[in-house]
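Engineer: predicted structure and sequence below. I'll ask about it afterward.
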Amino acid sequence: MKTIKLNRRQTLLGLSSSLVAYSLTGPAVAAHLAGKKMVLVFLRGGADGMGVLAPIADPYYAGLRRQLAMTSSQTLSMGGGFGLNPNMPLVHQMVQNNEALFISGVGAPFINRSHFDGQEGVERGVSNLADRRDGWLNRALVQLGAEVEGIAIGTRVPTTLSGAAEILNYAPARLPPVDPDTMNRVVSMTAPDTLMGPPIAQIVADTIAGRTTLNVPNNATDFEIAAALLKRQDPQSAGIVMVDMEGWDTHDNAWPLPGAGNRVAQQCAALDNNIQALKTGLGTDWANTVVIAISEFGRNAAVNGSDGFDHGIAGFALLAGGAVKGLAGGVRGNFAGLAPGQLVDGQDLAVTTDMREIFKGVLRDHLGLTLADLNNFVFPNSSTIAPMDNLVL
C-alpha cells in the first residue's frame, strides 16, 4: 500500500509533507458533473508528432525522415494517410473501439521553440505570456466550483494548476512514515492554534485510521496513482488530474521502431502503457473520463545529423477515454503537408489547430463550462478560437 501525501495548497501550505494528507471525498457536485473525470497528460520535451503518428501518405515524408521514416507495413493502420507507431497497440485498439482519437497539426498558443516559453504558453493558455501567470486548468476549476477537485501529481503544482483554486498535490513519499505517537504529539502542540489546530487534528486522525492510503503497489506509476486517486472519489463528485510524462526531447537516437536505445519507440511504448494503466485503474469510471495528452511543440520535419529531430512547431494531441467520441480512422485535424512551400521556415510542420480549440471543446462538452467563461476567463482574449466540436459523447 502507498500512503497519500496530499498538500491542500493555500490553506495548509507550509506544513510538513509527512503530515499533510486529506480525504478525497467531498460534497456532491451539480448533476451534470457527477462522476466526470478529466486527465491532462503533459508530454514534456517536445514530442515528435510524426514519430507517433506518421504521415505515410505524404510524398515528402520518407525523404525528410530518411532512415527514421516508417512504412505503411511497419505502422498500425489509421485513417487519412497516417500510420500509428507500432509500439502503441493498446491505444490503437482504443481507436478501433471509438474511445481514442488523434488530432494532427496541433500547436501551442505561444509559438516558440524554447522549452520554457513553449511550456509556459501551454500551461497559462495564452498567446502572450504577459497576459496571465496562473494556469488555464486552475481557472477552469474556479469556474466549476470548489466541489470539483483538481489534483497535481508530482513534487510541485505545475503552472497549469496554479492559481486561486485549491489544488490537492500528491507527491510520492520520500521519507519513512511518521509513527502515530509523533503525530499525536504534533496534534497536542498545535491544539491551542484555532486556525491550524483543527485541520491538523483531522489530518492525523484520517492518517492513523488508514483513510489516506491508496490501494496501489509501492512501485505504482504516476498514472496508476492518478487513476486510484480519481477512483476513490465519491461517485457523485468530479475530478481533474494532471500528470507529467518526461523524456520527449529527442535530439538524438529518435528511432521510432523497436530497438535498443530507440528513444521515440520507447516513449511511445511508455505512453501506450500509461494510457492503458489509466483505463485499467479507473475501471467503470473510464466511461466518464476524457484524457488529453499534449506537448509544448513538435519536432523538425527533417532528421538531423544525430538520428534525431530538433525543436519544431506543430505536433499532435491524443484524446482517450470512454467519454471520447471516436471516429473511423481515428485522426482529426488538417495536416498542412510537408512540401517545401508548406513548411514553416522551410523546416517545420505548420499549426492548423490551436490546442485551445481542443481544451475548450472538452471543457464545454464534458464539464459544462460556458463559451463566455472559456473565452473571457479560462482563456482570456480568445474569442476567435472556437471550441472543437464532437470530441466527447
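Structural biologist: Done, it's in.

Engineer: residue 361: what's it in contact with?
Structural biologist: The neighbours of residue 361, taking Cβ atoms under 8 Å, 6 or more residues apart in numbering as the test, are 387, 388, 389, 391, 392. The way it works is simple: take the backbone N, C-alpha and C, and place the C-beta from them, glycine included.

Engineer: which member of those is positioned nearest residue 340?
Structural biologist: residue 388 (29.3 Å; Cβ to Cβ).

Engineer: pretty sure the closest one contacts residue 352?
Structural biologist: No. Between residue 388 and residue 352 there is no contact under Cβ atoms under 8 Å: 11.7 Å.

Engineer: these two - which one has more neighbours?
Structural biologist: Using other Cβ atoms under 10 Å, the more surrounded residue of residue 388 and residue 352 is residue 388, with 23 against 16.

Engineer: most neighbours among the contacts of residue 361, which one?
Structural biologist: Neighbour max across these (other Cβ under 10 Å) = residue 391, 25 neighbours.

Engineer: distance of the spatially closest residue to that residue that is not a sequence neighbour from residue 144?
Structural biologist: What sits nearest to residue 391 in space, not counting adjacent residues and going by Cβ to Cβ, 6 or more residues apart in numbering, is residue 361, at 4.5 Å. In this view, residue 361 and residue 144 are 16 Å apart by Cβ to Cβ, to the nearest Å.

Engineer: got phi/psi on the nearest residue to residue 334 once chain neighbours are set aside?
Structural biologist: Among residues not flanking residue 334 along the chain, residue 352 sits closest, at 4.1 Å (Cβ to Cβ, 6+ apart). The phi and psi values for residue 352, taken as degrees, to the nearest 10, are phi -120, psi -10.

Engineer: for the residue lying closest to residue 100 once chain neighbours are set aside, helix, strand, or coil?
Structural biologist: Leaving aside its sequence neighbours, residue 100 sits nearest to residue 94 (Cβ to Cβ, 6+ apart; 3.6 Å). Put simply, residue 94 is helix when judged by DSSP: H, G, I helix; E, B strand; the rest coil.

Engineer: ok, residue 94 touching residue 320?
Structural biologist: Yes. With contact defined as Cβ under 8 Å, residue 94 counts as touching residue 320 (5.6 Å).

Engineer: mutual contacts of the two, please.
Structural biologist: By Cβ under 8 Å, 6+ apart, the residues touching both residue 94 and residue 320 are 100, 275, 279.
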